[in-house]
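J.: Here's a sequence, model it:
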Amino acid sequence: MKNDDVIENKNDYDCEEEEDDDDEIEKAHLLNVLKSFQGYGLMQLRQVAKWEESYTHIAPDILNVLGTSLDDHIQKLKFATGMNQQFLDFLIYPHLPKSTSEPERVIPTEWNGGKVRSTLLQFMREWSKEGESERNQSFPLIFKAIDEYLPLSLQDTVNDIHSSSSLTDSSKQDEGTYRPKILVPGAGLGRLCFDLAMRGYSVEGNEFSYFMLIGSNAVLNRMICAFSEDATDYEKKQDAGISEDQVGWKNWTIYPFIHNAANQVSWENMLRTVAIPDVHCTKFPDNWSLSMIAGEFLQVYLPQPESFDGIVTHFFIDTANNITEYIRCIYSTLKKGGYWINYGPLLYHYTDIDGELSVELPLGEVLKVAKYFGFEMLSHSTHSSTYCADHNSLMSTRYTSHFLVFRRPK
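T.: Numbers count the residues shown, from 1 in each chain. Okay, the predicted model is just below:
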C-alpha cells in the first residue's frame, strides 16, 4: 500500500473558524520546511566557505606539507553538497507549488537547517547498509517480542485480545487467521513500520515532523533498491513525459557525514557515501498492510480507544512534552490484553528549549506511572545503543537503552 494513498492528517478542531486558521498555519509551516530543504545547499556552502577561509591562516611551511589536499577536500565538499541538494530536491518535488521558474533559495534558520542535516543522517540509519548495525541493536529485540506476544495466524491467542467482531478487512488474511494491528508512533522515515509490515503485520505509523513525513513518502513510493538490477533502468518505470529529475523510482547516493569537521579520522571518512535504499521499498507482497498517519500523537490517538493489539515505541517516549500523557494515551489506545513494547533512553528532547514544557522523570518514576495506569511489566532489559552515529568518528554518544514489554490486562 503506497504512502500517497494513506498519509492522512487526523488533527480535529473545535470549530470551522479555528480549522481554517490552523490550516493556514499548517500550510505556512509546510512551506517553511520545503524552503529549508531547498536552502540546504546555500547553508552548507557557507559552512564550507568558513572552513576554506580558516585554512588560509595555516602557515606557508605547513601548507607545503599538506600539499593540494586542502584544495581537493574543499572541492569535494562542494560537489558532495550539490549531490545532497539534488537528493533533497527529489524528496520535496511532489509537495511544491506548481511553478516553471527556478525556486528562490534562502538559507534556513539554524533550527530548520539542523533538521535537514538530521534527515540525511536518518536516511543513513534507516535505509542504508551502513545503518544496519544500529538497527540491529533494537529491531531484533522488537521482532522477537512481537513474535512471542502477538504471533501471526494463531487465532486462539488473538481471541484472548479481542472478539471476532473487532476484526477489520486490513487485519484479515484468510478465514481463521488474523494479523495483529500494530501502531508505531514517532515512525521517522518508516523503516521499522516497513519491516514489521513485511513480516505480515497490519502496521500504522504515526509521525508529526514534516521533515520525516516528506522523506518517508519518497522512500516508500519513489525509490528502488540501490543494489537491485532495477537500479540501472529505473527510467523505464517513470511516468511518460516527466523528467527523471522530477519523479520516478530511483536510488540515490548521499553524503551524510560532511556537516562536521570535528573528530574526523580522515578527509575520506568525512566524504564517504551512503547508497539508499538498501531494500526494495516498492515491491511488497499481496497481503501488505502499511499506513502512515500525519499528526501529533495525543491529538490523533486519544480519540481512538482500544484500537491496536500492539504499540511499539522506539526512541519515542522521551519526545513528549509530558511523558505521563504519552503513557496514558498508549494505555488507552491499546486493546485489552494488548502489548506495549518500548526501546530507548530518556533524553527528553524539550529539556533545553525555552518556552516548552518538559516533564522529565527518571526511569523508576516512569515505571510507577505505567503501573498506575494498569500496565503489567513482562520483561525489562538494558542495551547499549547509538543513534545516527558516525561509527568511524573519533567521538560517539552511547545510550543505555531500556527494552520494556508491558501488557494491558484483559
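
J.: Packing partners of the host helix or strand of Ala28?
T.: Using DSSP states H and E, Ala28 sits in helix 16-38. Judged by 3 or more C-beta pairs under 8 Å, 6 or more residues apart in numbering; DSSP states H and E, the packing partners of helix 16-38 are helix 69-92, helix 110-127, helix 210-221. (Each C-beta comes from the backbone N, C-alpha and C, glycine too.)

J.: Now Trp336: closest residue in space that isn't a chain neighbour?
T.: Actually, residue 336 is Lys. It isn't Trp. With C-beta to C-beta, 6 or more residues apart in numbering as the criterion, Lys336 has its nearest non-adjacent residue at 4.9 Å, and that residue is Lys410.

J.: Ramachandran coordinates for Gly202?
T.: Careful, residue 202 is Ser and not Gly. When read as degrees, to the nearest 10, the backbone of Ser202 gives phi -90, psi 110.

J.: what's the neighbour count on the residue lying closest to it once chain neighbours are set aside?
T.: Among residues not flanking Ser202 along the chain, Ser289 sits closest, at 4.2 Å (C-beta to C-beta, 6+ apart). Burial measure for Ser289: 24 neighbouring residues, criterion other C-beta atoms under 10 Å.

J.: wait, doesn't Ser289 sit right on Arg199?
T.: No - counting by C-beta atoms under 8 Å, Ser289 stays clear of Arg199, with 11.1 Å between them.

J.: so what pLDDT did Glu17 get?
T.: pLDDT, Glu17: 47.

J.: Kindly report the same for His402.
T.: So, for His402, pLDDT stands at 98.

J.: With Glu130 instead?
T.: The model reports Glu130 with a pLDDT of 96.

J.: Can you report phi and psi for it?
T.: phi -60, psi -30.

J.: Same question for Phe406.
T.: phi -120, psi 160.

J.: where along the stretch 101-250 of the chain do the helices fall?
T.: Counting by DSSP state H, counting those that start in this stretch, the stretch 101-250 of the chain has helices at residues 110-127, 132-135, 139-149, 155-159, 191-198, 210-221.

J.: sorry, back to before: Serialize the helices and strands packed on helix 16-38 to a markdown table and add fields for mean neighbour count, mean pLDDT and distance to Ile182.
T.: Formatted as a markdown table, these follow (neighbours: other C-beta atoms under 10 Å; pLDDT from 0 to 100; distance: least, C-beta to C-beta, whole Å):
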| stretch | mean neighbour count | mean pLDDT | distance to Ile182 |
| --- | --- | --- | --- |
| helix 69-92 | 18 | 96 | 26 |
| helix 110-127 | 20 | 98 | 17 |
| helix 210-221 | 23 | 95 | 16 |
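
J.: Format those as TSV; extra columns: distance to Val366.
T.: Formatted as TSV, the helices and strands packed on helix 16-38 follow (distance: least, C-beta to C-beta, whole Å):
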stretch	distance to Val366
helix 69-92	35
helix 110-127	25
helix 210-221	24
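
J.: and stretch 351-364, what's its mean pLDDT?
T.: Here the average pLDDT along stretch 351-364 is 96.

J.: which outside residues touch that stretch?
T.: Stretch 351-364 is contacted by residues Ala320, Asn321, Asn322, Ile323, Thr324, Leu346, Tyr348, Tyr350, Val369, His402 when judged by C-beta atoms under 8 Å, 6 or more residues apart in numbering.

J.: and it, how far out from the chain's middle?
T.: Its chain's average C-alpha position is 22 Å from that of stretch 351-364, according to C-alpha atoms, centre = their mean, to the nearest Å.

J.: Can you point out the buried residues in that stretch?
T.: For stretch 351-364, a neighbour-count test (16 or more other C-beta atoms under 10 Å) marks Leu361 as buried.

J.: Only alpha carbons, please: show that stretch as CSV.
T.: Included here for stretch 351-364 are C-alpha records, laid out as CSV according to Å, rounded to 0.1, in the frame of the first residue of the first chain:
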residue,chain,number,x,y,z
THR,A,351,14.8,20.0,28.1
ASP,A,352,16.8,22.9,26.6
ILE,A,353,14.1,24.6,24.6
ASP,A,354,12.9,27.9,26.1
GLY,A,355,9.2,28.2,26.4
GLU,A,356,8.5,24.5,26.0
LEU,A,357,7.0,22.3,28.7
SER,A,358,9.3,19.4,29.6
VAL,A,359,8.2,16.9,32.3
GLU,A,360,11.3,14.9,33.0
LEU,A,361,11.0,11.8,35.2
PRO,A,362,13.7,9.2,35.9
LEU,A,363,13.0,5.7,34.7
GLY,A,364,11.9,4.4,38.1
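
J.: Grab the nearest non-local neighbour of Thr253.
T.: Nearest one to Thr253, counting by C-beta to C-beta, 6+ apart, is Thr273 at 4.9 Å.

J.: oh sorry, the question was meant for Val366
T.: Ile323 (6.4 Å).

J.: Then His314?
T.: Nearest one to His314, counting by C-beta to C-beta, 6+ apart, is Tyr343 at 5.2 Å.

J.: Can you mark which positions in whichever strand or helix holds the one you found are buried?
T.: Take DSSP H and E as the rule and Tyr343 turns out to sit in strand 334-344. If you call a residue buried by 16+ other C-beta under 10 Å, then strand 334-344 has these buried ones: Leu334, Lys335, Gly337, Gly338, Tyr339, Trp340, Ile341, Asn342, Tyr343, Gly344.
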